[in-house]
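J.: can you look at this prediction? I've put the sequence above it.
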Amino acid sequence: MSALIVTSLSVRYGTHHVLRDVDLDVRQNERVVLFGPSGVGKTVMLRAIAGLEPGAVGQVVLAGRDVSRDPPEARHLGMAFQNFALYPHMPARENIASPLRARKLDTAPIAAKVKSVAELLRIDHVLDHFPRQLSNGQKQRTALARALVGEPKLILFDDPLRNVDAKLRYEMRIELPRLLAKRETAAIYVTQDFREAMAIGDRVAVLIDGEIAQFALADEVYDRPATIAIARLFGDPPMNLIAAHGQARGSGTLVRAAGLVFGFDAAPPREPVFGIRPEAVMLFSEPETGRVAAQIVAVTPMNERYLVLLRTEDGTELVASHDTPPPHGSHIWIGAEPGLGALFDAATGLCVAAAPSSEEIAA
Ligand SMILES: Nc1ncnc2c1ncn2[C@@H]1O[C@H](COP(=O)(O)OP(=O)(O)OP(=O)(O)O)[C@@H](O)[C@H]1O
C-alpha cells in the first residue's frame, strides 16, 4: 500500500493556477523530494496534502484512506517547517508533546514517547529549555522530534534546512534519512537545493509551472533530466547545454557539439542540444583522437572542487568541475566521460536520448 496517493490536485488563487492536475505517490518508507524554483507551489502542495488549502480540488489518499474531505487534525501527518515554528512560551518537552496533547493522549504515554524521540535525536538534556535557550541545531531537532513523536506514516518537510548553517545542514542530510528509516516513516521533503534533493530523496518530483515535469529516481533526474528546463535547474553548476549539429546515422543520430562527436540511439531532433554535466567534461594536457582543443578562461574554487570555464576553438563556452586542479597552462584538450550526456530538442524542450556512445572520430 502507498503511504500517499495524490490524484489531480489543483489549487488556484484568483486567476493564478498554482497547481494544475498534479499526481504524486509516495511508497511506504519512501522519501520523495519535491523540488522546484521559488514560488512554484511547493508549500501550497504540502498545505493541500495536509488539508490546509480550503480551495484545493482533487483526491488525497493516505495509507489507503481517502482524506480529501478530512480536516488537518484527522490526517495524522507530521510536519516540519523552514523556521522551526516552535511555540516560544513552551519548553522543548511541551513543544514535542503538542501533537499528542492535541490527540488527547494520557500523560504517561506522552512522556514516554517524548523521551524516546528526544533520545533518538540527542536532545534529551535540553527538554526543559525554552526555544530561546536552544541553539539552532537543537531547535531543528526539537521541531523534528515534534514531527516524529506521533509516529505518523508520512511527514511533510517544508525546506527545513533552508535557514540553518552549513555544518548542521550536512549533518541533517546524513542523519535524516537514517532517522526516517528507523521510524519507518515516509516523507515528502521540499527543497530548492539539488544536493539536498540527491542526499535525501529516493525519488525526486520536479515541479515547474504548476505541473510535475519529472518524477523519477534522484540519479535519473540528474543523469537524464526530462527537459531542458530541469537540466538548467537541477545541478550546481548546472548541466552544460550546447547547441549541436545532428545527422541521421542508421536509426540513431551522430551529434557534433563543441567539436566532440557522439552517437545517440534516437532519431535526429529538430534543434539538437547536447547536455553534459561539468564533472563529465574531462581535461587533458595532451591531444589525442576524439579530444578537442580548448582554452582555460577562468578557474574558481567551489566546495573543494575546481570549476573551470573553458572555450573551445569554435567559441563554445562550457564548465568543467573536478576535485583536482586543471592541467597547467591555458591551452588544454577536453573530452567527455564515456556514456555520460544527454540529447535534447530545443524545439520541444524535451530530452530525446541519454547515455551516448563516444565516437572514435577526429574532431
Ligand atoms: N494565500 C495565498 N494567496 C494568494 N496567493 C498565494 C497564497 N499562498 C500562496 N500563493 C501563491 O502561490 C504560489 C506558490 O507559493 P508557494 O509558497 O507554494 O511557493 P514555493 O514553491 O513553496 O516557494 P519557496 O520555495 O520560495 O518557498 C506563489 O505565487 C504564491 O504567491
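T.: Thanks, I have it.
J.: up against the ligand, what does the stretch 51-200 of the chain have?
T.: Contact residues (C-beta under 6 Å from any ligand atom) of the stretch 51-200 of the chain with the ligand: residue 192. Where you see a C-beta, it was placed from the backbone N, CA and C, and this is true even at glycine.
J.: please redo it, this time with the cut-off set to 8 Å
T.: 82, 158, 159, 190, 192 (C-beta under 8 Å from any ligand atom).
J.: including neighbour count, secondary structure and pLDDT, could these go into CSV?
T.: Shown next, in CSV, are those (neighbours: other C-beta atoms under 10 Å; DSSP: H, G, I helix; E, B strand; the rest coil; pLDDT from 0 to 100):
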residue, neighbour count, secondary structure, pLDDT
82, 16, coil, 74
158, 22, strand, 92
159, 20, coil, 89
190, 23, strand, 95
192, 15, coil, 92
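J.: OK, contacts around the residue of the stretch 251-363 of the chain found nearest the ligand?
T.: Relative to the ligand, the nearest point of the stretch 251-363 of the chain is residue 349 (20.6 Å; C-beta to the nearest ligand atom). By C-beta atoms under 8 Å, 6 or more residues apart in numbering, the residues touching residue 349 are 227, 228, 229.
J.: could you chop the protein up by domain?
T.: Segmentation of the chain into domains, based on automatic domain parsing, reads 2-226, 233-358.
J.: and residue 204, that's in a strand?
T.: Yes. Remark: residue 204 belongs to a strand, assigned using DSSP: H, G, I helix; E, B strand; the rest coil.
J.: which strand residues bridge residue 33?
T.: residue 189, residue 204 (DSSP bridges).
J.: neighbours of it, how many?
T.: By the measure other C-beta atoms under 10 Å, the count of residues near residue 33 is 27.
J.: residues touching it, list them.
T.: Neighbour list for residue 33: 188, 189, 190, 191, 196, 197, 200, 201, 203, 204, 205, 218 [criterion: C-beta under 8 Å, 6+ apart].
J.: can you rerun that using 10 Å?
T.: If you count contacts by C-beta atoms under 10 Å, 6 or more residues apart in numbering, residue 33 has them with 42, 157, 187-191, 193-194, 196-206, 218, 221.
J.: and what of residue 159?
T.: 34, 42-43, 46, 80-83, 189-193, 196.
J.: now do it against residue 313, distance only.
T.: To residue 313, residue 159 is 43 Å away according to C-beta to C-beta, to the nearest Å.
J.: can you check residue 45 too?
T.: Residue 45 is 47 Å from residue 313, by C-beta to C-beta.
J.: with neighbour numbers in mind, choose between the two.
T.: Remark: of residue 45 and residue 313, residue 45 carries more neighbours, 29 against 12, as counted by other C-beta under 10 Å.
J.: now the helix or strand where that one lies: how far from the chain's centre is it?
T.: Here residue 45, judged by DSSP states H and E, is contained in helix 42-50. Helix 42-50 has its C-alpha centroid displaced from the chain centroid by 17 Å (C-alpha atoms, centre = their mean, to the nearest Å).
J.: and after that helix, which helix or strand comes next?
T.: Sequence-wise, the next helix or strand downstream of helix 42-50 (DSSP H and E) is strand 57-62.
J.: list the neighbouring strands of that following strand plus their orientation.
T.: Counting by DSSP bridges, strand 57-62 is paired with strand 2-13 (antiparallel), strand 65-66 (antiparallel).
J.: turn these into CSV, including mean pLDDT, distance to residue 176 and mean neighbour count.
T.: Shown next, in CSV, are the strands paired with strand 57-62 (pLDDT from 0 to 100; distance: least, C-beta to C-beta, whole Å; neighbours: other C-beta atoms under 10 Å):
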stretch, mean pLDDT, distance to residue 176, mean neighbour count
strand 2-13, 96, 16, 18
strand 65-66, 95, 26, 12
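J.: distance to residue 267 added to those, as a markdown table?
T.: A markdown table is the format used below for the strands paired with strand 57-62 (distance: least, C-beta to C-beta, whole Å):
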| stretch | distance to residue 267 |
| --- | --- |
| strand 2-13 | 33 |
| strand 65-66 | 44 |
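J.: buried stuff in stretch 106-126?
T.: Across stretch 106-126, burial judged by 16 or more other C-beta atoms under 10 Å covers 110, 113, 114, 117, 118, 120, 121, 123, 124, 126.
J.: pretty sure residue 74 sits against residue 67.
T.: Yes. Using C-beta atoms under 10 Å, residue 74 is in contact with residue 67, at 6.9 Å.
J.: for these two, indicate the residue with more neighbours.
T.: The residue with more neighbours, out of residue 74 and residue 67, is residue 67; 20 against 11, by other C-beta under 10 Å.
J.: tell me the contacts of the more buried one?
T.: 4, 49, 50, 51, 59, 60, 61, 74, 75, 76, 77.
J.: what's the pLDDT at the fourth one?
T.: In other words, residue 51. What the model reports for residue 51 is a pLDDT of 94.
J.: next up, the contacts around it.
T.: Applying C-beta under 10 Å, 6+ apart, the residues near residue 51 are 60, 67, 68, 69, 70, 71, 72, 73, 74, 75, 77.
J.: kindly report the same for the fifth one.
T.: If a contact means C-beta under 10 Å, 6+ apart, then residue 59 has 5, 6, 7, 8, 9, 23, 66, 67, 68, 69 as its contacts.
J.: now, which of the residues you listed sits nearest residue 321?
T.: Looking at the contacts of residue 59 and their distance to residue 321, the nearest is residue 23, at 34.4 Å (C-beta to C-beta).
J.: which strand or helix spans that closest one?
T.: strand 16-27.
J.: that strand near the ligand anywhere?
T.: Yes. Shown here: strand 16-27 in contact with the ligand (C-beta under 8 Å from any ligand atom) through 16, 18.
J.: list the buried residues of that strand.
T.: 18, 19, 22, 24, 25, 26.
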